[in-house]
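Novice: could you work out the structure for the sequence below:
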Amino acid sequence: MLDCSLYPDLLVTKWHVLSPRCPFKTAKLHCGTPKMKTFASVVRCVRVWFGYLVFLITRRTSEYKLIERRDLTSGVTNPVILLRFEVPDSTKFENKIFDSVGVSQRVNGRMVNRYYSVASSAEDKGFFDLMIKVYPNSKMGTHLQQLKVGASVTVLNPIGYLDYLSINVNHIGIISGGVGLAPFVHLIRHVMKSQRNIHIKMLFANQTKQDIIMHDQLVTWAQEFPNFVVHFILSRPDDSWTGLKGRITSELIQEYMPSANLNPLIGICGPADLNKLAKRSLYDQGHRNYYVV
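Specialist: All right, here's what the predicted structure looks like:
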């Protein structure tokens, strides 16, 4: 949750939206303290939601053509694929940090809508990327996995922008699991390119090494950008694995995330149980500025 009593300009004046999905289901706003909510903080929250609804009403949809599909994992139960869609020069596609898009497709005679985080950055012109984990009973995931290059999908324009530079943070934490890496790819690339003195610490959880998305790229980024530190943790490691083992716990969060006295911004994206544990642990440890993507 992001404390809008600390950053009213970020959340209200600029109408930055806290949740890329339905606000009534997943957005987590912290307005004041858990024990007392002031009238001003409640007003701020209402103004944020009003801005969110206005933004939803004015959104537009466009058709985008699939131009490339790549497997990001292999030999795993639930594969992850990367889909690259073409953005014509005549189409305005503003891809900002933490943006997600809604994909609408007719599957087996019924309209299905799903939101996916945009994994490419604003510097990538002419296309945008989506990382999608395909589960056996996933209607949209299976449909997109079978989508042929050249076919088009209906996409709602991006939503969910969070301007981390507006709150002048020097420390960022990332708690991610599996395909939950997707929304942070743009953030990491943006921080590295900005050349600001911002430190990023990341905990990235997966089941096996084969499940780790962009493993080599993350290692390369850590080598090229000393302020970026990534820790991989596996719940089902093989005998050759020398990294962290098990699941993300409150103790690991306290050890590997920036301390609360640094007032860091922490992003969370993963399975529901990981998100729940991370939020509870961060709050207990004194953090107030964390955001579930």
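Novice: below-threshold pLDDT in the stretch 101-250 of the chain: ranges please.
Specialist: The stretch 101-250 of the chain contains residues with pLDDT under 70 at 161, 165-166.
Novice: helices along that one, start to end?
Specialist: Under the criterion DSSP state H, counting those that start in this stretch, the stretch 101-250 of the chain contains helices at 139-145, 182-194, 215-224, 250-256.
Novice: do I have it right that L83 meets D71?
Specialist: No: counting by Cβ atoms under 8 Å, L83 does not reach D71; the two are 11.0 Å apart. Every C-beta, even on glycine, is put in place using the N, C-alpha and C of the backbone.
Novice: and these two? which has more neighbours close in?
Specialist: L83 (23 against 11; other Cβ atoms under 10 Å).
Novice: hang on, the earlier thing: next, format the helices of the stretch 101-250 of the chain as JSON lines and append distance to L203 and mean neighbour count.
Specialist: Formatted as JSON lines, these follow (distance: least, Cβ to Cβ, whole Å; neighbours: other Cβ atoms under 10 Å):
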{"stretch": "helix 139-145", "distance to L203": "25", "mean neighbour count": "18"}
{"stretch": "helix 182-194", "distance to L203": "11", "mean neighbour count": "20"}
{"stretch": "helix 215-224", "distance to L203": "12", "mean neighbour count": "13"}
{"stretch": "helix 250-256", "distance to L203": "5", "mean neighbour count": "15"}
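Novice: out of those, nearest to D163?
Specialist: Proximity to D163 (Cβ to Cβ) singles out helix 182-194 among those, at 10.5 Å.
Novice: which strands or helices does that closest one pack on?
Specialist: Under the contact criterion of 3 or more Cβ pairs under 8 Å, 6 or more residues apart in numbering; DSSP states H and E, helix 182-194 touches strand 110-117, strand 171-177, strand 199-206, helix 215-224, strand 228-234, strand 265-269.
Novice: element containing the nearest residue to R70 once chain neighbours are set aside?
Specialist: Distances taken as Cβ to Cβ, 6 or more residues apart in numbering place L82 nearest to R70, at 4.6 Å, with adjacent residues excluded. Element membership for L82, per DSSP states H and E: strand 80-86.
Novice: now render the helices of the stretch 101-250 of the chain as JSON lines, adding distance to V103.
Specialist: Formatted as JSON lines, those follow (distance: least, Cβ to Cβ, whole Å):
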{"stretch": "helix 139-145", "distance to V103": "7"}
{"stretch": "helix 182-194", "distance to V103": "14"}
{"stretch": "helix 215-224", "distance to V103": "24"}
{"stretch": "helix 250-256", "distance to V103": "32"}
